[in-house]
Every structure is written in C-alpha cells, then in structure tokens.
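> this one's sequence-less:
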Ligand SMILES: [Zn+2]
C-alpha cells in the first residue's frame, strides 16, 4: 500500500472546488509514454496549471501500471526541477470498470479513480460506485462516477449511441453514492470521429463539417439540481483540422474526423464543468508531427528525431488548451 501523498500527488477535491469558484476547468490529459508525459508536465509547469494525469486501462496494458505510476512520481520531481514550486498533479484512473481495478489503483498510489458503471442498470451503477467510494475515501482518494452514456470509442470503452444524462437522477445518484465528481453525457463523444457527416452541417466558407452543439440545456438542468457539484466532460477533444490536414497530406487517411468546437468547451469550462478530458488531440499532434518528419526525411531512423518534434507539438497543444480553452493557467503557483 502506497499513499499518493508520499508520491507528492494531490487528489482532485481542492482543484475542483477552486475551478468551480474560479470559472475554469482542470485539464485531464491521458498519457501512455515518456514524450507525452514530458510534454504535459512542461506545459503545466510553464503555465502553472494544475493537471490531472490520466491512465486508461489501454495505457496500463501498453505501458505497465508500475512504470506509469513511477513516471507520475517522476513527473512531480520533474515539475519541481522546471521551477514549479508547488506542483498540483493528480494521478487518475480513467474508466475503471471494476471494484478490483479501482482498489488496486488506490493501493498503488493513484490520487483519484473513475468508476464507470454507466453501462450498468441504474441501481447497479449506484451499488458499484458506492463500494468504490467507500474504499477510496478511507485513503482520501477522490472518485469520479458516470451517469449517462457517451457515444464513440476510447480504448476499450465503446458505445453505439449516446444516452444523455437524465437531470432528474443526479441528486439521488450523487447522494447515494457519495461520489466526488460526475461525468455526464451532453453530446461529447470519444475518439477522433465524434460525429458522422450526416449529423453535421457543412460550413459554406471552408467546406468543413460543423458538429451539432452540446446540450447545454441538460448541463444547466444538472447544475440546478446539484449546485456547485463538480461535473466532468469526457470525449472533449476538438480534433484540430490543421493536424488532420498534415496527417492527410503526409500519407495518412482520416476523412471526416471531427471534434467538439473549442468555443463550446470554453463555455463549459466557465460553468460547474471542472474537468475536461483531452486525449485524441494529443494523439493527432503526435501523429501529425511524426508523419511530417518521416515524409520530409525518408532516411531518418533515429526515433528521437521524430518523437522530439512530436513532443514539442504536443506541448504547444497542451499550452493552447490550458491558456485558450480551459483557463487553468496561473492557478497553481
Ligand atoms: Zn472517457
């Protein structure tokens, strides 16, 4: 048993409280490798933004849970080395699907876990979430739960169609489970293909797909039921078209990739939405940079020569999100 406190990590309680009062959102960035981790920490240290490092079950399989945990511990030290005096870094399990997995992460030094029972019948979701909350809270680890189903694909998480969160359920759910934050479904979606062309309209000027707007009326109704309660948005990448263009121009093929427009996320960040998950955008930044280098220099075979530019591109992306979209810069001196 290792406490996250020994690792220099923090849970999400204070972060969320300040974010809601301050009208901004905390970035939750997924990481799977060293370059991604370096880019996240550098961006956050330089902008002094609190951050949630997320580990999905796919990342655990890819990079090994032990390695990831030590990387997070290393991230705290790296942040200090970069001159960030009081790093506010949480290590969070993304989409935990069982009590056992959540427990193992709590025991392993995670400061926050998500238990995703959203695919279960309502009462079973409550039962499972409550069990995780009771265990995690003994160690001051915060718990994110989910109500409503997102469409799209994220590692092993898949859903054919979305089911918006029902505002009439949130008080009962939050009270009975004791969860610390709630992921809701209001039209965001996992992956880089969030909407089909049929769901979108076409911008006559650019010819690009414009996705349907998020259901802010549902968010408003939820906030009315649970004033000041931390709300989480998954599947909130914007799928920057400049990255898609670079990928397509350099041998890639990503037709009709489309995400959530940043102005909508900006609006959400000012509300009780205090955690916004961004994963696909970083994958796109990485892939665009790697494809560009390899297309321009076909003889290159040193991974540092293409992973380096990929890391720089991800860092630029993270800073952009922090400063221009979430407003979390300068919130963790
Ligand atoms: Zn998710």
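In hand now; what should we look at? Computed from a predicted model, the values in this text were never measured in an experiment.

> Near whichever residue of the stretch 1-150 of the chain sits closest to the ion, how many other residues are there?
Nearest residue of the stretch 1-150 of the chain to the ion, counting by Cβ to the ion: residue 95, 5.6 Å away. C-beta: built from backbone N, CA, C; applies to glycine. The local packing of residue 95 (other Cβ atoms under 10 Å) involves 25 other residues.

> which element is it on?
If you go by DSSP states H and E, residue 95 is part of strand 89-96.

> Packing partners of that strand?
On a contact count with 3 or more Cβ pairs under 8 Å, 6 or more residues apart in numbering; DSSP states H and E, strand 89-96 meets strand 26-30, strand 51-55, helix 57-63, helix 65-81, helix 99-108, strand 112-115.

> Apply 7 Å and report the result again.
strand 51-55, helix 65-81, helix 99-108, strand 112-115 (3 or more Cβ pairs under 7 Å, 6 or more residues apart in numbering; DSSP states H and E).

> Pick the most buried one from those.
strand 112-115 (a mean of 28; mean count of other Cβ atoms under 10 Å).

> Just name whatever secondary elements that strand is in contact with.
strand 89-96, helix 99-108, helix 122-137, strand 142-147.

> okay if I get these as a markdown table plus mean pLDDT and distance to residue 67?
Shown next, in a markdown table, are those (pLDDT from 0 to 100; distance: least, Cβ to Cβ, whole Å):
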| stretch | mean pLDDT | distance to residue 67 |
| --- | --- | --- |
| strand 89-96 | 97 | 13 |
| helix 99-108 | 96 | 12 |
| helix 122-137 | 98 | 23 |
| strand 142-147 | 97 | 23 |
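
> among the ones you listed, which is nearest residue 5?
Nearest of the helices and strands packed on strand 112-115 to residue 5, taken as Cβ to Cβ: strand 89-96 at 11.6 Å.

> the inter-axis angle of the closest one versus strand 142-147?
30 degrees (axes from the mean of the first three to the mean of the last three Cα atoms, to 10 degrees).

> ok so, going back, now for the residue of the stretch 1-150 of the chain closest to the ion: which residues touch it?
56-57, 114, 116, 157 (Cβ atoms under 7 Å, 6 or more residues apart in numbering).

> I'd say residue 219 and residue 186 touch.
Yes - here residue 219 reaches residue 186: they are 5.3 Å apart, a contact under Cβ atoms under 7 Å.

> quick revisit: so which of the helices and strands packed on strand 112-115 comes closest to residue 9?
It is, among the helices and strands packed on strand 112-115 and with distance given as Cβ to Cβ, strand 89-96, at 5.2 Å.

> The closest one pairs with which strands, and in what direction?
Using DSSP bridges, the strands paired with strand 89-96 are strand 51-55 (parallel), strand 112-115 (parallel).

> May I see the ones you listed arranged in TSV, with distance to the ion and mean pLDDT as well?
As requested, these are exported to TSV (distance: least, Cβ to the ion, whole Å; pLDDT from 0 to 100):
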stretch	distance to the ion	mean pLDDT
strand 51-55	9	97
strand 112-115	8	98
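
> could these be laid out in JSON lines, adding distance to residue 332?
Shown next, in JSON lines, are the strands paired with strand 89-96 (distance: least, Cβ to Cβ, whole Å):
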{"stretch": "strand 51-55", "distance to residue 332": "8"}
{"stretch": "strand 112-115", "distance to residue 332": "16"}
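
> between those strands, which gets nearest to residue 249?
From these, taking Cβ to Cβ, the stretch that ends up closest is strand 51-55, at 30.2 Å.

> Off-centre distance for the closest one?
7 Å (Cα atoms, centre = their mean, to the nearest Å).

> what's the weakest-modelled helix or strand in this protein?
Lowest on mean pLDDT, DSSP states H and E among the helices and strands of the chain sits strand 157-159, with a mean of 56.

> what distance separates the strand holding residue 95 from the centre of its chain?
On Cα atoms, centre = their mean, the centre of strand 89-96 falls 9 Å from that of its chain.

> Ok, stretch 24-31 next?
Distance, centroid of stretch 24-31 to centroid of chain: 5 Å (Cα atoms, centre = their mean).

> That one and the ion in contact?
No - Stretch 24-31 is not in contact with the ion by Cβ under 5 Å from the ion; minimum separation 8.9 Å.

> Show residues contacting that stretch.
15, 19, 37, 40, 49-54, 56, 59, 92, 94, 269, 273-279, 282, 318, 321-322, 326-328, 331.

> I am finished for the moment; much appreciated.
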